[in-house]
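> build me a structure from this.
(2 chains)
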Amino acid sequence: MKLKRFQYLSLRYPSFIAFVFFILALLVNLYFQKSLLEPGTINNNMRVFLPLILLTTGEAVVILTGGIDISVGAIVSIVSALLATQVGLNGTPDKVATWFVVALLVGIIAGCINGFFVAYLRLPPFITTYATSFLYGGFALFILPQPGGGIPASVANVYRAINPLGLHWAFYVIPLLLLIWFLIRQTRYGRYLFAVGGKPQAAYETAVPVDLVIFSTYVVSGFMAAVTGICIVLLTGTGNPSIGDPMTLQAITAVVIGGTAMSGGVGGIAGPIMGAITLGVIKNIISFANVDTWWQTFVNAIIIVAALAAPGVISLFRRNRP
Amino acid sequence: MTLSLSAQNIVKRYGGVLALSDGNLDVNPGEVVALIGANGSGKSTLSKVINGVVVLDGGQLLLDGSPVHFASPNAAKKLGISTVFQELSLVPQMTVAENIWLAREPLRSNGFVDSKEIKLRTEELLSLFEGTFKASMNFDIPVASLPPDEMQIIEILKAVSFKPQLLILDEATASLDSRQVQRLFELVAKWKDEGKAIVFVSHRMEEIFQIADKYSVLRNGKTVGSGIMKDITDKELVNLMVGADSIFGYSRAEHQDRNNPARPVRLVVENLKTDVIKGINLTVREGELLGIGGLKGQGQRDLLRSLFGDIPHEGKFILNDKIVNYTHPRHAIKDGVALVPGDRSREGLLSIRSILENLMLPSWTNYGFPLQMRRSRQDGNQISGSLNLKMAGLEEPVSSLSGGNAQKVVIGKWLLKKPRLLLLDDPTKGVDVGTKAEFYRLLQQICSGGTSIIFYSSDDEELIGLCDRVLVMFEGGIRSELEGSSLTKSNLISASMGASNGSKE
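Okay, the predicted model is just below:
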């Protein structure tokens, strides 16, 4: 049975499709930009890609358990606004450290709010996090009405200019994320994530603390969104209260092309990380191919619709086979 | 350690509905008690009270003589009570081992899951059913890729892995084939010797007599009888369940010459192939009741579904002398083909909608615009009357009906269309004997009206008792055709197992 085997493979190696996409995008990019594989270019690219990669891993955990978090972009915006106003261009290293910690706490609190609504009040995650995204987005604009402010250049340069052992920080952060994920999968909590995503009722009857697991995923996603915010402020050096807005759809797209089922229970973070890099590469292609930037949103939207529609299209063709 | 349990005068209400008014059950170490009752009699509820899934509203549970109260299934599990659920509690995307040990994974000293230990323990459990699996079974494959019978076995193993002192098997044999059932019974006998107490909930009379030591019969939420198996006959047991003497017993008296060559041919299938089926030829005549038998998962379901245009297939169908090729159930329905699917709650019914809506669903086009509600209600009443549907009213949701009555609605919605070919996919699965007997009469009635029926059943008895002819399927093909005097239980079983003696071919 062909479908069974495909099903089996996609359960076993959910990131396979992401890998194919990744290679394809890379080849096209190479065609437009011959210098793509030079160390300098790679470091430059990864520096730009890292924020989305971080955001994607958090979103992946939520989607894995069958939820969705649409407020992540707004949390990124809050952090950007917070750091730009509170640290300032002349902030001391102490101040920077303090507000980095505060930013992470803000992310966790935002995640707790989402998690409380979704897990304990049993509200639908889509609507809930869509609503909280306006709450958080509004809060970001309240802190910083217009783009401006920033963090000291010396701090930002640690991210922008320093490449330990010739490799950008991203090359250390990504393996670290994968290692953490690998370890989480070896714990009960890791098993719970898959069980809750697969069939919550069965998980509940088997004594899995379903509500707590769902709650925790939104906290993880809020936390990762805050890390993303810090990362993006380091990258740009300035604040922007709506910088996260376009990132939500990108993160969800990256998770989907990373092989995580929107219905939950299948996936991981390796695929979504590749998905995030793929999206970054597509962005490159679009800028090098000299087309308008709105194409980027268009392409993202096409990818997500295609990824969602693929299983349906396959079964439609199977059904109508003469 | 052993455990004896006594449930006394249990009362349980769901909203305003009294599911149990006086449920009683006593089970002692080393004993198998059959909990018997028609659908909707409260036996599921009673077993759920015992394993802590629902909280009782009255009465008491005594464990080794002292009263207990379970707030959750976990509380019961900790005391050694484990359940094999009828609706599987497995996560399809996770592997066999992950499912069995979910939330109880053996941990290493550093807090990580001990995969080696899990593998060992899982293989030990799987070895209990060794030889009944298809070759692909191992601890590391996702449950979603297993056939239903093997999923059921994993569910059983999951319950057993708790090393319970009291094991509740709630319709655990419903999707198993006879080999697997035998293995389960061997295991039950072993557990019994080890002093475990076992509650066995089943509709299959034959299994109950084979395995149980005692019985406890529920009717309308009340325990109406209990005692020792040896002292009772199946007829008496059924009478206890249905509360009336008349219902059971269907006869083959009306079996005339339905397969008479003089009757016009309704359907010819030539060389049907799907992913599972490897070339099937068959002929059904007008008014014939053709049975399909065999072990589970030999392609019976695929046969019915491809006839209905529901799954991709190759081959030639000739219906009423016309070559047809259905790519969508809609085409099949238009030609008077109807399918009563195997999973009635998922494929057959809109459970939160009313009985009337469910009955009318395929037929609304006949009721004009705006819909002629009064006429539809009349027709609904007439059909539910002829089906002897036990309901509070046509406006009640289907979910308020018991399993057997819900199945009647599925059949009823097609009867309104007056089908010429009726495909039945194991329609009596999980239906109590009383309703079954009504069913059999109904099927006979439909046949005598000229409709042809293809009837797949996992219950050998009813195939023999009801059908004119039985095709036994094995590994995607027809192993043998049984008819007349060759249609006996031993022939049917041996053909199911792949032997071909007794066949007409």
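
> the residue of the stretch 201-322 of chain A found nearest chain B: neighbour count?
Shortest the stretch 201-322 of chain A-to-chain B distance, computed as C-beta to the nearest C-beta: residue-wise this is residue A:265, at 3.9 Å. Just so you know, the C-beta spots here come from the backbone N, C-alpha and C atoms, and that holds for glycine as well. Residues near residue A:265, counting by other C-beta atoms under 10 Å in any protein chain shown, number 25.

> now do the contacts for the closest residue to it other than its chain neighbours.
Spatial nearest neighbour of residue A:265, chain neighbours left out: residue A:198 (3.3 Å); criterion: C-beta to C-beta, 6 or more residues apart in numbering or on different chains. Neighbour list for residue A:198: A:264, A:265, A:266, B:91, B:92, B:93, B:94 [criterion: C-beta atoms under 8 Å, 6 or more residues apart in numbering or on different chains].

> tell me where the model's unsure across the chain.
Let's take chain A. Applying pLDDT under 70 to chain A flags residues A:1-14, A:308, A:311, A:314-315, A:317-322.

> can you look at chain B instead?
Filtered on pLDDT under 70, chain B yields the residue ranges B:1, B:15-17, B:38-40, B:135, B:203, B:242-262, B:430, B:432-433, B:497-505.

> show me which residues of it sit near chain A.
B:53, B:72-74, B:77, B:85, B:88-94, B:98, B:102-105, B:107, B:111-113, B:115, B:141-142, B:144-145, B:158, B:275-276, B:311-312, B:325, B:327-328 (C-beta under 8 Å from any C-beta of the partner chain).

> for the helix or strand containing residue A:17, buried residues please.
Using DSSP states H and E, residue A:17 sits within helix A:16-32. Buried positions in helix A:16-32, judged by neighbour count with 16 or more other C-beta atoms under 10 Å in any protein chain shown: A:17, A:18, A:19, A:21, A:22, A:25, A:26, A:28, A:29.

> quick one, phi/psi of the residue of the stretch 301-450 of chain B found nearest chain A?
Nearest residue of the stretch 301-450 of chain B to chain A (C-beta to the nearest C-beta) works out as residue B:312 at 4.7 Å. Backbone geometry at residue B:312, expressed as degrees, to the nearest 10, gives phi -70, psi 140.

> can you add distance to residue B:284 and give the buried residues of helix A:16-32 back as CSV?
Converted to CSV, the buried residues of helix A:16-32 look like this (distance: C-beta to C-beta, whole Å):
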residue, distance to residue B:284
A:17, 45
A:18, 50
A:19, 51
A:21, 50
A:22, 54
A:25, 55
A:26, 58
A:28, 57
A:29, 61
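
> now those in CSV, with distance to chain B?
Below are the buried residues of helix A:16-32 laid out as CSV (distance: C-beta to the nearest C-beta, whole Å):
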residue, distance to chain B
A:17, 16
A:18, 18
A:19, 20
A:21, 22
A:22, 23
A:25, 28
A:26, 30
A:28, 33
A:29, 33
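
> what residue is smack in the middle of the chain?
Answering for chain A, as no chain was given. The structure's chain A has its C-alpha centroid closest to residue A:56; by C-alpha atoms, centre = their mean the separation is 1.4 Å.

> meant chain B, my bad for not saying
residue B:429 (2.7 Å).

> make sure that one is actually in contact with residue B:458.
Yes. Contact criterion C-beta atoms under 8 Å: residue B:429 and residue B:458 qualify, at 6.6 Å.

> alright, calling it a day.
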